[in-house]
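Chemist: I'd like to go over a predicted model; first the sequence, then the structure.
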Amino acid sequence: MYFAVLVILLHCPSLKAQDDVITINKVELTVPSQKVKNGVSIELTCTVDISKSASFQMQHAFLFYKDDSLLHNTTLEQNRTRYKISPARFADSGSYKCTVEANGKTKSSNDLDVQVEGLSQPKLTALKREVTEGEVVTLRCEVPEEKPPFIFLFNKISPNQQSQEKRKQELKENFASVEFPVEEGDRILRFQCSAKVTSAVGSETSDPSNMTIVTVVEPFSHPKLTSKSPWNVTEGDRIDIGCTTILARKYEIEILIQKDRKILNSARGQSSVTYSAIATVEHNGNYTCKVELGRVSKTTSMNIVVAELFAKPILTPSLTDLDENEMLSLWCHINGSPKANFSIVKRPPENGILLETSSNFTIQVQVNDTGSYVCRAEIKGIIKESNPVQITVYAPVSEPVLSVASPSTEMVLGETLLLRCQSMSGTPPINYTLFRGNRLIHTITVFNNTYAEFRDIQTKLNNLREYRCEASNRHAYAKRSSYKMNITVIAPVRNISFGSLPHGEVEDGGDINFLCVVGEGSLPINFRIFKQNEQKPLFYESKMETRVIWQKKSLSKQDAGEYFCDASNRATRPLRSNLLTVKVILASWQKGFIALFVLAVIAITASGFWWYWRKKEKGKHPSMEMSGSTVATNSTSEKLPSGPNHYTEVYPGSGYTEDRENPVKPTDENKGPDHESAEVEYTEVEVSTPDPYKDSGENRHSKLAFNSVCAPDLCYVAPSTRILEDGPTGRIVGGDCDILNKY
């Protein structure tokens with residue numbers, strides 16, 4: 001029983017947990033219409049469908065989004081809620097969705113696109129409703145409850161229905177301001193504006209705004225231009241021109257009278273201006289009256305014709321170009337020959353110098369009579385001048401001076417010669433001509449008292465370089481020539497080379513000849529010879545030749561190295577040659593001495609080796625005579641009967657052995673084919689070695705014992721000869737015997 005109760009108690013929490021289980025099946029967002037007019041409400045309805053494990057009350061959180069931005073949220077127990085946008089504007093167009101959160105679970109509806117069509121009507125206001133010509137009208141266009149960006153369009157509607165438009169973009173505000181200038185003739189101005197907006201969902205343009213009317217006040221009337229002169233104006237008559245205007249109120253206007261582009265008279269702050277003058281032919285033309293205030297100006301024009309009283313006088317000269325001391329005559333007359341008062345005037349100065357008060361004038365001219373001459377004629381107070389006549393009096397040119405612009409009369413081949421020719425006196429224009437020999441180079445005309453500058457390029461050495469110049473002007477007999485000037489053309493040093501004899505190698509104590517040669521260059525030429533890395537030249541000479549030879553005597557090892565030369569003349573700086581390497585080698589006698597010394601050393605060494613070898617050969621090949629001896633074939637240590645003793649001296653290297661009783665022959669005549677049957681004799685042999693101070697290469701003292709039987713390591717010189725003591729001469733084989741040496 002207790003166990004059942006325990007199971008029920010443990011099961012109760014799980015039952016409670018199962019009561020709180022929910023799942024969100026669906027979230028739906030709806031709207032009556034996805035397209036609405038601007039100003040109409042938008043009502044969004046969000047509905048949620050939830051499944052529960054049991055029936056219980058719970059809170060739902062509804063969140064409304066536009067373009068993923070939260071607009072509104074609310075929490076309630078119902079499974080449906082509404083969100084209203086009133087009034088709807090174009091900025092409310094977009095994508096909406098609803099999200100529901102309950103018991104830790106979240107679900108969103110599908111996106112719902114809503115389009116708001118149209119824009120609010122903009123509102124247009126003017127800063128001033130009455131303006132004056134020349135001022136500006138400031139307008140403000142605003143689209144309330146709408147959001148930027150906008151493009152505002154302002155229109156100025158004239159009385160003739162012509163429209164002037166201005167555009168302005170506004171990114172941050174829902175209004176914009178512009179200015180329209182008030183022009184001449186504007187009276188009543190009408191303005192309207194509209195707005196245009198563009199977004200991701202489309203673009204819309206508003207209806208035109210309200211019409212705003214601005215009245216224009218005229219500050220002054222159109223000017224009036226009058227003339228008090230008779231309609232037929234003749235030279236000598238007075239002309240009076242007046243210009244007036246009417247001011248609306250006190251304005252700081254400017255009023256003026258002008259002819260063509262010349263202002264004749266003007267006034268500021270007044271309503272009128274006048275101009276008076278004695279009429280001449282020059283007064284013919286169009287006259288304008290102009291009134292200005294700020295940007296506004298008004299004009300009125302009239303034309304005045306002045307009849308000519310008499311024609312302009314004509315001045316006739318006998319000549320215009322004259323030599324000094326020639327006679328000049330001037331005549332002044334008027335076509336139609338009316339009676340007038342004449343005068344002849346010379347300029348400068350501007351007002352002229354009166355020369356004669358009649359129509360004729362004659363003078364013997366000098367240079368200072370050069371100038372401009374006019375004739376004046378006066379009738380009834382009207383004075384007219386003839387066209388000016390330019391008279392030039394020519395003084396002859398002086399002898400020209402030809403000079404060189406450079407400080408020297410020497411020129412380098414290829415350079416440009418600059419010459420100046422000038423006559424210190426003479427009336428310009430002066431013609432200067434340059435000659436090279438008899439050849440004309442160039443002519444220059446100078447129009448003031450200065451020199452003519454000529455340039456001549458020096459291209460060849462063999463050209464004639466004798467220059468002169470001529471000067472002339474319009475004087476009848478003036479042509480002068482300068483003195484002749486000689487120009488020396490020098491060629492720069494080019495193509496330098498450097499060599500030696502002998503080339504490259506010189507015996508110690510020997511001499512070397514250096515040769516420095518240039519391909520071309522004007523003489524004299526300065527030659528220098530250097531050793532590389534030394535500042536002081538070893539040799540210097542200025543020669544009237546294009547080459548130089550220099551002998552350097554008694555060269556030593558210290559003279560080995562690199563050498564070069566340079567050459568220069570008046571035309572160029574030193575031109576450096578190639579580098580020449582000089583090696584100092586041993587002299588012939590030094591080579592011979594070394595060769596003799598080496599040969600002597602070789603000969604002495606060879607003699608020593610030969611002598612040593614001879615001694616060595618004597619020790620290796622002693623000639624011993626083996627007579628009547630038979631070599632025993634028994635090589636064991638068996639004892640044999642001893643016979644009479646013999647003593648024999650053996651001389652190493654001598655080729656024979658001397659027996660004190662019986663000499664041993666160096667032949668093999670006593671050899672028997674059967675060594676076993678031969679009689680064996682025992683002999684002691686003493687070998688004397690010479691004094692080591694006399695010959696250190698001879699054998700030492702040795703004792704040889706002769707026995708009938710030899711062991712395998714013994715050797716036979718003669719029958720029964722045994723080595724008792726070895727010598728240093730090596731192993732010698734003689735006859736049937738080998739002599740072994742121990743070292």
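Modeler: Perfect, thanks for sending it.

Chemist: Tell me the backbone dihedrals of residue 217, please.
Modeler: phi -100, psi 130 (degrees, to the nearest 10).

Chemist: those helices in the stretch 501-650 of the chain, which residues are they?
Modeler: 588-620 (DSSP state H, counting those that start in this stretch).

Chemist: Strands of that one, start to end?
Modeler: Ranges of strands within the stretch 501-650 of the chain are 505-507, 512-520, 525-531, 539-543, 547-552, 561-569, 572-576, 580-585, 646-650, based on DSSP state E, counting those that start in this stretch.

Chemist: can you list those strands in TSV and add mean neighbour count and distance to residue 360?
Modeler: In short, each C-beta sits where N, CA and C put it, glycine included. Shown next, in TSV, are the strands of the stretch 501-650 of the chain (neighbours: other C-beta atoms under 10 Å; distance: least, C-beta to C-beta, whole Å):
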stretch	mean neighbour count	distance to residue 360
strand 505-507	18	103
strand 512-520	18	74
strand 525-531	21	77
strand 539-543	14	78
strand 547-552	16	84
strand 561-569	20	72
strand 572-576	15	71
strand 580-585	17	93
strand 646-650	20	168
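
Chemist: closest to residue 233 out of these?
Modeler: For residue 233, the closest of the strands of the stretch 501-650 of the chain is strand 572-576, at 83.1 Å, according to C-beta to C-beta.

Chemist: Just want the angle from the closest one to strand 525-531.
Modeler: Orientation of strand 572-576 against strand 525-531 (axes from the mean of the first three to the mean of the last three C-alpha atoms, to 10 degrees) gives an angle of 40 degrees.

Chemist: mind listing what the closest residue in space to residue 80 that isn't next to it in sequence touches?
Modeler: Nearest residue to residue 80, sequence neighbours excluded (C-beta to C-beta, 6 or more residues apart in numbering): residue 47, at 4.7 Å. With contact taken as C-beta atoms under 8 Å, 6 or more residues apart in numbering, residue 47 is in contact with 27-28, 30, 79-80.

Chemist: Among the strands of the stretch 501-650 of the chain, which comes closest to residue 87?
Modeler: The minimum distance between residue 87 and those falls on strand 572-576, with 97.2 Å, by C-beta to C-beta.

Chemist: Which other helices and strands does that closest one contact?
Modeler: strand 494-501, strand 561-569 (3 or more C-beta pairs under 8 Å, 6 or more residues apart in numbering; DSSP states H and E).

Chemist: cutoff 6 Å now
Modeler: Using 3 or more C-beta pairs under 6 Å, 6 or more residues apart in numbering; DSSP states H and E, the elements in contact with strand 572-576 are strand 561-569.

Chemist: what pairs with the strand it packs on, and is each one parallel or antiparallel?
Modeler: Looking at strand 561-569 with DSSP bridges, its partner strands are strand 525-531 (antiparallel), strand 572-576 (antiparallel), strand 580-585 (antiparallel).

Chemist: can you list the residues that contact it?
Modeler: Outside strand 561-569, the residues within contact range by C-beta atoms under 6 Å, 6 or more residues apart in numbering are 493, 496, 498, 516, 518, 521-522, 525-532, 574-577, 579-581.

Chemist: Swap in 8 Å and give it another go.
Modeler: Contacts for strand 561-569 (C-beta under 8 Å, 6+ apart): 490, 492-493, 496, 498, 500, 514, 516, 518, 521-532, 538, 574-582.

Chemist: need the strands of the stretch 501-650 of the chain in a markdown table with mean pLDDT and distance to residue 173, can you?
Modeler: Formatted as a markdown table, the strands of the stretch 501-650 of the chain follow (pLDDT from 0 to 100; distance: least, C-beta to C-beta, whole Å):
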| stretch | mean pLDDT | distance to residue 173 |
| --- | --- | --- |
| strand 505-507 | 82 | 99 |
| strand 512-520 | 91 | 87 |
| strand 525-531 | 93 | 88 |
| strand 539-543 | 91 | 93 |
| strand 547-552 | 90 | 96 |
| strand 561-569 | 92 | 85 |
| strand 572-576 | 86 | 79 |
| strand 580-585 | 85 | 90 |
| strand 646-650 | 41 | 145 |
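
Chemist: Would you reformat those strands as JSON lines and include distance to residue 267?
Modeler: Output for those, formatted as JSON lines (distance: least, C-beta to C-beta, whole Å):
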{"stretch": "strand 505-507", "distance to residue 267": "109"}
{"stretch": "strand 512-520", "distance to residue 267": "86"}
{"stretch": "strand 525-531", "distance to residue 267": "87"}
{"stretch": "strand 539-543", "distance to residue 267": "90"}
{"stretch": "strand 547-552", "distance to residue 267": "96"}
{"stretch": "strand 561-569", "distance to residue 267": "83"}
{"stretch": "strand 572-576", "distance to residue 267": "79"}
{"stretch": "strand 580-585", "distance to residue 267": "98"}
{"stretch": "strand 646-650", "distance to residue 267": "167"}
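
Chemist: which stretch among those comes nearest residue 199?
Modeler: Of the strands of the stretch 501-650 of the chain, the one closest to residue 199 (C-beta to C-beta) turns out to be strand 572-576, at 81.6 Å.

Chemist: next one: that closest one to chain centre, how far?
Modeler: Per C-alpha atoms, centre = their mean, to the nearest Å, the displacement of strand 572-576 from the mean C-alpha position of its chain is 33 Å.

Chemist: now the angle between strand 512-520 and it, please.
Modeler: 130 degrees.

Chemist: re earlier: are any of the contacts of residue 47 buried, and which?
Modeler: Among the contacts of residue 47, those buried by neighbour count (16 or more other C-beta atoms under 10 Å) are 27, 79.

Chemist: Out of the contacts of residue 47, which is nearest to residue 109?
Modeler: For the contacts of residue 47, the residue nearest residue 109 by C-beta to C-beta is residue 27; the value is 4.3 Å.

Chemist: Please name the spatially closest residue to the residue most central in space within the chain (chain neighbours excluded).
Modeler: Computing the C-alpha centroid of the chain and ranking residues by C-alpha atoms, centre = their mean puts residue 415 first, at 31.0 Å. Leaving aside its chain neighbours, residue 415 sits nearest to residue 458 (5.8 Å; criterion: C-beta to C-beta, 6+ apart).
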